[in-house]
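K.L.:
Here is my input; please provide its structure:
(one chain, ligands or ions: 2)
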Amino acid sequence: MNSPDMSRLLAQAAQKLAAGGLVAFPTETVYGLGGDAENPEAIAAIYAAKGRPANHPVIVHVAPEADLTYWAASIPAEARALIQAFWPGPLTLILPRASHIPAAVSGGQSSVGLRCPSHPVAQTLLREFARLKPSGQGGVAAPSANKFGQVSPTQAAHVRAEFPELGEDRLMVLEGGPSNVGIESTIVDVSRLDDGIGPVLLRPGHITAEQLADVLGKPPARPDATAPRVSGSLKAHYAPHTPLRLVTRAQVLAMARGELMPSRAENRRVVALVFEAPPDASASYIDWRVCSCDPALFARDLYAVLRALDAQDYNCIYIEQPPGTEAWRAVNDRIGRAAAAFG
Ligand code: TXA
Ligand code: MG
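P.N.:
Ligands and ions are numbered 1, 2, ... in the order given. Just a heads-up that it's a prediction; the model follows:
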């Protein structure tokens with residue numbers, strides 16, 4: 001990270017952002033596809049690369065010392081408390097957008113999503129970029145660095161695989177090792193408190209509703225009909241190419257005995273991610289893969305495992321349904337959406 005090579009690359013990457021270019025960078029959650037948050041053409045280039053509808057807002061990433069009043073029209077006490085508790089880290093706050101910040105970054109909405117990542121490469125990039133701006137304030141707009149609807153990348157190699165059409169000249173990819181959290185940030189909407197709405201938990205993540213409640217003094221509300229659009233809230237999202245199905249433990253055991261495979265002809269080779277290998281695993285067409293019973297470790301590895309399995313010729317990926325507890329809420333959210341993509 002402190003090597004002369006990395007410093008040079010980060011300086012180059014900051015220059016590239018300042019010139020309106022795209023830079024993919026590591027964060028502790030997933031890799032982001034970044035562009036200058038104040039440059040609508042850079043935002044348009046992000047949307048084009050992702051194949052994402054232009055009315056979807058993107059998160060603005062800022063360095064720890066950023067002046068948040070540059071980005072947000074107001075910062076309610078609830079937001080300050082959450083920032084104090086969880087930044088830098090995997091929490092995004094939706095705040096009222098300052099009027100001089102282009103609406104392109106929030107898909108035309110009057111809010112702005114802000115996040116201060118803890119990953120050292122992301123932080124150095126954000127600092128270097130801010131130094132190049134006349135205002136001294138720089139924000140990097142970055143959705144996850146994947147094509148729309150696909151699994152988020154947690155390694156630099158995933159990003160390169162996702163955008164084969166963009167050479168190094170059009171997309172610079174910074175290497176930062178595997179992301180530790182592995183799933184996208186928790187998103188809390190604090191932009192509508194003046195209307196008596198919120199804080200609202202828009203997307204569950206590594207920071208749980210319980211942890212938010214400890215700081216807020218009350219649990220965050222669930223999204224209502226007027227909640228801002230969150231693309232990750234589309235029912236079918238985060239999906240691999242291989243069909244994915246969730247199964248109960250009882251179904252896992254039945255599968256292991258060679259039962260419960262309704263259309264064996266088309267399910268010739270399947271893989272099952274389970275919490276414990278079944279005692280009688282006689283069905284030869286199933287590859288078993290034991291995953292962590294710790295939700296944080298499960299989340300850390302989930303997307304990399306899905307990508308690796310996608311690269312093999314499985315007819316289906318089965319995942320044993322984790323417990324329905326708060327600790328598993330973010331994981332259940334992501335795998336539930338992935339399974340929903342296949343009906
Ligand atoms: O962990 C993360 O959040 C990663 C890393 C790169 O920071 N980013 C990420 O970005 O997951 P993306 O675009 O894939 O998802 C961001 C979500 C979207 O669902 C978007 O709708 C929501 O944040 N969002 C961003 N700004 C918003 C705003 N102003 N109002 C409502 N939702 C917003
Ligand atoms: Mg995404």
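K.L.:
Can you give me the neighbour number for the closest residue to Q137 other than its chain neighbours?
P.N.:
With sequence-adjacent residues excluded and distances taken as Cβ to Cβ, 6 or more residues apart in numbering, Q137 is closest to Y70, at 4.3 Å. Heads up, the C-betas are built off the backbone N, CA and C, glycines and all. If you count neighbours by other Cβ atoms under 10 Å, Y70 ends up with 17.
K.L.:
Next: G258.
P.N.:
Around G258 there are 15 residues (other Cβ under 10 Å).
K.L.:
In contact with it, which residues?
P.N.:
S282, A283 (Cβ atoms under 8 Å, 6 or more residues apart in numbering).
K.L.:
Do you have the helices of this protein handy? List them.
P.N.:
Remark: helices assigned in the chain by DSSP state H are 4-18, 40-50, 77-86, 120-132, 156-162, 209-216, 249-256, 295-310, 329-340.
K.L.:
Would you format the ones you listed as TSV with mean pLDDT and mean neighbour count included?
P.N.:
Formatted as TSV, these follow (pLDDT from 0 to 100; neighbours: other Cβ atoms under 10 Å):
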stretch	mean pLDDT	mean neighbour count
helix 4-18	96	17
helix 40-50	95	18
helix 77-86	98	17
helix 120-132	98	21
helix 156-162	97	20
helix 209-216	98	16
helix 249-256	92	18
helix 295-310	97	20
helix 329-340	96	21
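K.L.:
ok, now which ones touch E175?
P.N.:
Contacts of E175 by Cβ under 8 Å, 6+ apart are P26, V121, A156.
K.L.:
can you rerun that using 7 Å?
P.N.:
Going by Cβ atoms under 7 Å, 6 or more residues apart in numbering, E175 touches A156.
K.L.:
can you check V271 too?
P.N.:
Counting by Cβ under 7 Å, 6+ apart, V271 has contacts D287, R289, L309, Y314, I317.
K.L.:
Over to A81?
P.N.:
V215, L216.
K.L.:
one more time with 10 Å
P.N.:
Applying Cβ atoms under 10 Å, 6 or more residues apart in numbering, we find A81 in contact with V190, P199, L212, V215, L216, G217.
K.L.:
Chain neighbours aside, what residue packs nearest to the third one?
P.N.:
Same thing as L212. P220 (5.0 Å).
K.L.:
State whether that neighbour and A209 are indeed in contact, as I suppose.
P.N.:
Yes - in this structure, P220 is within contact of A209 by Cβ atoms under 10 Å, at 5.8 Å.
K.L.:
Give me the common contacts of those two.
P.N.:
Counting by Cβ under 10 Å, 6+ apart, the residues touching both P220 and A209 are T186, V188, L201.
K.L.:
if I look at the nearest residue to Q15 once chain neighbours are set aside, how far off is G138?
P.N.:
Closest residue in space to Q15, ignoring its immediate chain neighbours: L132 at 7.0 Å, by Cβ to Cβ, 6+ apart. From L132 across to G138, the span is 7 Å (Cβ to Cβ, to the nearest Å).
K.L.:
what residues are shared contacts of the two?
P.N.:
With contacts defined as Cβ under 10 Å, 6+ apart, the residues shared by L132 and G138 are A14, L17, A18, D36.
K.L.:
Looking at those residues, which one is closest to R80?
P.N.:
Proximity of the shared contacts of L132 and G138 to R80 (Cβ to Cβ) peaks at D36, which lies at 26.3 Å.
K.L.:
burial count for the closest one?
P.N.:
Number of residues near D36 (other Cβ under 10 Å) recorded here: 26.
K.L.:
Just give the nearest non-adjacent residue to it, would you?
P.N.:
That would be A42: by Cβ to Cβ, 6+ apart, it lies 4.6 Å from D36.
K.L.:
where does the stretch 101-250 of the chain have low pLDDT?
P.N.:
225, 227-237 (pLDDT under 70).
K.L.:
for it, what spans make up the strands?
P.N.:
111-115, 140-141, 171-173, 186-189, 200-203, 244-247 (DSSP state E, counting those that start in this stretch).
K.L.:
Could you single out the most deeply buried of the ones you listed?
P.N.:
Of all the strands of the stretch 101-250 of the chain, strand 140-141 carries the top mean neighbour count, a mean of 28, counting by mean count of other Cβ atoms under 10 Å.
K.L.:
Briefly note if that one comes near ligand 1.
P.N.:
No - using Cβ under 6 Å from any ligand atom, we find that strand 140-141 stays clear of ligand 1, coming within 9.0 Å at best.
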